[in-house]
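Novice: sequence? don't have it. structure:
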């Protein structure tokens with residue numbers, strides 16, 4: 001199957017509803033703004049068929065809040081650009097969500113990180129050719145290149161990779177089968193954001 005950026009590949013059960021509370025997404029959206037300025041999140045007509053790229057999430061309650069699908073071009077999302085994922089089950093390829101916007105096509109991958117690492121409180125997915133191309137030299141773990149994004153296979157690969165690489169509650173890894181895709185996660189937004197920016201700094205000086 002040929003990968004098409006930004007396309008939801010899981011069984012989505014979506015219910016339109018109210019946005020998350022402002023205080024629940026304020027710090028997450030702040031970090032998203034930083035990543036947007038660094039062009040780790042965005043939309044470029046010359047990349048990925050002109051579709052938006054990058055997404056962010058934070059754990060809330062038994063689920064997580066995630067940025068909406070194809071919102072990459074917006075510098076700031078505010079609350080209307082996020083939704084609440086109430087259930088995410090990679091084993092049956094299903095995501096349940098509610099809010100003003102449908103969840104990112106990477107929601108299943110975010111859910112896999114939260115499931116595999118109960119202490120993780122934030123997941124940031126950016127696109128960086130510098131980090132992605134130098135991942136091995138930077139000492140980053142890389143998912144199997146045969147596994148595409150947003151699928152149960154990727155969810156299983158993420159869980160395997162985190163264990164194999166010995167990553168506990170925070171880390172950065174590259175997605176071998178997802179061009180330029182990198183993920184940072186941590187117990188909170190500041191930790192995950194700091195790790196991703198540090199990885200970019202290292203890549204630019206490698």
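Specialist: Sure thing, it's come through. Just so we're clear, the structure is a prediction, and the values are computed from it rather than from any experiment. Residues are numbered from 1 along each chain as shown.
Novice: in this structure, which residue is closest to the centre?
Specialist: Computing the C-alpha centroid of the chain and ranking residues by CA atoms, centre = their mean puts residue 125 first, at 3.2 Å.
Novice: shaky segments in the protein?
Specialist: 1-7 (pLDDT under 70).
Novice: helix or strand right after the top strand by length along the chain?
Specialist: For the chain, the longest strand by residue count, based on DSSP state E, is strand 82-89. As assigned by DSSP states H and E, the chain's next helix or strand after strand 82-89 is strand 94-99.
Novice: buried stuff in that next one?
Specialist: For strand 94-99, burial by neighbour count (16 or more other CB atoms under 10 Å) applies to 94, 95, 96, 97, 98, 99. (Each C-beta comes from the backbone N, C-alpha and C, glycine too.)
Novice: tabulate these (TSV), appending distance to residue 191.
Specialist: Putting these into TSV (distance: CB to CB, whole Å) gives the following:
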residue	distance to residue 191
94	29
95	25
96	27
97	25
98	27
99	25
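Novice: right, and residue 165 touches residue 174 too?
Specialist: No. Contact criterion CB atoms under 8 Å: residue 165 and residue 174 do not qualify, at 11.1 Å.
Novice: mutual contacts of the two, please.
Specialist: Counting by CB atoms under 8 Å, 6 or more residues apart in numbering, the contacts common to residue 165 and residue 174 are residue 141.
Novice: quick one: contacts of the longest strand of the chain?
Specialist: Identification of contacts with strand 82-89 by CB under 8 Å, 6+ apart yields 14, 17, 19-20, 25, 28-29, 57, 60, 62-68, 94-103, 107-108, 110-111, 114-115.
Novice: quick check: the farthest pair among the buried residues of strand 94-99?
Specialist: Taking CB to CB, the two most distant members of the buried residues of strand 94-99 are 94 and 99; they sit 16.9 Å apart.
Novice: end to end on stretch 144-161, go ahead and measure it.
Specialist: Criterion CA to CA, to the nearest Å; first-to-last residue distance in stretch 144-161 is 9 Å.
Novice: list the contacts of it.
Specialist: In contact with stretch 144-161 (CB under 8 Å, 6+ apart) are residues 1, 3, 7-10, 90-91, 93, 105-109, 111-113, 115-116, 141-143, 173, 175-178, 181, 183.
Novice: weed out the non-buried ones from those.
Specialist: The neighbour-count test (16+ other CB under 10 Å) marks 8-10, 90, 93, 105-109, 111-113, 115-116, 141-143, 173, 175-178, 181, 183 as buried among the contacts of stretch 144-161.
Novice: coming back round to it: more neighbours: residue 165 and residue 174, which one.
Specialist: Counting neighbours by other CB atoms under 10 Å for residue 165 and for residue 174 shows that residue 174 has the greater number, 23 against 13.
Novice: what's across from that one in the sheet?
Specialist: Beta-bridge pairing of residue 174 under DSSP bridges involves residue 142, residue 182.
Novice: and stretch 184-199, what's buried?
Specialist: Applying 16+ other CB under 10 Å to stretch 184-199 flags 184-189, 191-193, 195-197, 199 as buried.
Novice: among these, which one sits closest to residue 52?
Specialist: Residue 52 lies nearest to residue 196 out of these, by CB to CB, at 17.7 Å.
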